[in-house]
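Q: Prediction below, plus the sequence it came from.
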Protein chains: 2
Amino acid sequence: MKASAVRGHLDGLLLSVLESGPLHGYAVITAVQERSNGVLELRKGTIYPALDKLERLGLLRSTWESEGERRRRRYELTDAGRRSLAEERSMWQEFTTAIGAVLDPAPGTGPKHAT
Amino acid sequence: MKASAVRGHLDGLLLSVLESGPLHGYAVITAVQERSNGVLELRKGTIYPALDKLERLGLLRSTWESEGERRRRRYELTDAGRRSLAEERSMWQEFTTAIGAVLDPAPGTGPKHAT
DNA sequence: AGCCAATAGGTTGGCTGTCGATCTATAAGT
DNA sequence: ACTTATAGATCGACAGCCAACCTATTGGCT
């Protein structure tokens, strides 16, 4: 599954994998992939602009790490990012509950049509 | 919550409310809204093109109902639509499982970071 | 030494799908 | 007469993700 399916929930995913510690961009991709058991395959063209946006919003900050010639950008959650993650989680709950209720209505709960 | 959040899952919602019986477009909106306890508010500009697309795909068929001067279009699931709905449901399962696993990782399941 | 794959960063144009605005028309309520 | 709800529909704008592409370093293989 690609990120097109996660539209609207990408920010939460990114914030979530950064919760347990800072990562660089490439590691964010593999972290999401691992946690989802290989199901979610984010693209670089997807996450870099997204990470930039989250930094502009103050939800995370980035610092350049230089090991010799290798330069990597380390992304880290801010306090605002942590609060935003909590919001994303409750929104995810509300979202799945709503869609789930439509997709698999509890029998006898909704209005009865021709039965 | 508007349909922008449901991007990619709208088809499933539409097929699902039509499962228990044919409805016209306006009733589809209210059905989704009711089943989701008022959370999902689809727009006409959203559902009519979507219903058209589903009809083109053969997942539902529409017939014009005329009660006096009032003309309404009745949408009805086809067999292909029923099969597609089953697919949408299993995709929804896969989707929520994947996102959920990233957003709320089971403790001790994933790779251990700084603990 | 030469080559390729993996890692790491990034940009850009394009596409898809939903939104908001707008239009027409009938029925019912005040 | 006027407003609101019901019912259908279209269309431009916009957001967000993707595919493709580019650069560069590191390390394995031959």
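A: Sure, I can see it. Residues are numbered from 1 along each chain as shown, chains lettered A, B, ... in the order given.
Q: okay, CA-based contacts and neighbour counts for the rest of this
A: OK.
Q: chain center to stretch A:35-43: distance?
A: Put simply, stretch A:35-43 sits 11 Å off its chain's centre (C-alpha atoms, centre = their mean, to the nearest Å).
Q: Could you list the buried residues of that stretch?
A: Within stretch A:35-43, the residues that count as buried by 16 or more other C-alpha atoms under 10 Å in any protein chain shown are A:Arg35, A:Ser36, A:Val39, A:Leu40, A:Glu41, A:Leu42.
Q: From these, which land in strands?
A: Taking DSSP state E, every one of the buried residues of stretch A:35-43 sits outside strands.
Q: What distance do you get for A:His24 to DNA strand C?
A: Noted for A:His24: a distance of 4 Å to DNA strand C, by C-alpha to the nearest atom of the strand, to the nearest Å.
Q: One more: A:Ser62?
A: For A:Ser62 relative to DNA strand C (C-alpha to the nearest atom of the strand), the value is 9 Å.
Q: beta partners for that residue?
A: Beta bridges link A:Ser62 to A:Tyr75, judged by DSSP bridges.
Q: Now do the contacts for the residue most central in space within chain A.
A: For chain A, the residue nearest the mean C-alpha position is A:Leu13 (1.4 Å; C-alpha atoms, centre = their mean). For A:Leu13, the contact set (C-alpha atoms under 8 Å, 6 or more residues apart in numbering or on different chains) comprises A:Val32, B:Ile99, B:Val102, B:Leu103.
Q: mind running it again at 6 Å?
A: B:Leu103 (C-alpha atoms under 6 Å, 6 or more residues apart in numbering or on different chains).
Q: Residues of chain A that sit close to DNA strand C?
A: Chain A comes close to DNA strand C at residues A:24-27, A:44-46, A:48-49, A:71-74, as judged by C-alpha under 7 Å from any atom of the strand.
Q: how about the helices in chain A?
A: Secondary structure of chain A (DSSP state H): helices located at A:10-17, A:25-35, A:44-56, A:79-103.
Q: Highest mean neighbour count out of those helices?
A: By mean neighbour count, with neighbours taken as mean count of other C-alpha atoms under 10 Å in any protein chain shown, helix A:10-17 ranks first of those at a mean of 23.
Q: any idea of the mean pLDDT in that helix?
A: Mean pLDDT, helix A:10-17: 96.
Q: is that helix anywhere near DNA strand D?
A: Yes: taking C-alpha under 7 Å from any atom of the strand as the criterion, helix A:10-17 and DNA strand D are in contact, through A:Leu10.
Q: burial of the closest residue to A:Val39 other than its chain neighbours, as a residue count?
A: Spatial nearest neighbour of A:Val39, excluding adjacent residues (C-alpha to C-alpha, 6 or more residues apart in numbering or on different chains): A:Met1 at 5.5 Å. A:Met1 is flanked by 14 other residues according to other C-alpha atoms under 10 Å in any protein chain shown.
Q: I figured A:Met1 was touching A:Asn37, is that so?
A: No: if you go by C-alpha atoms under 6 Å, A:Met1 and A:Asn37 don't touch, sitting 11.1 Å apart.
Q: and stretch A:18-34, anywhere near DNA strand D?
A: No: against DNA strand D, stretch A:18-34 shows no contacts by C-alpha under 7 Å from any atom of the strand, the least distance being 10.6 Å.
Q: what's the span of that stretch, first residue to last?
A: Separation of the first and last residues of stretch A:18-34 by C-alpha to C-alpha, to the nearest Å is 14 Å.
Q: What of stretch A:62-76?
A: Its start and end residues considered, stretch A:62-76 measures 6 Å (C-alpha to C-alpha).
Q: Right, I'll leave it there.
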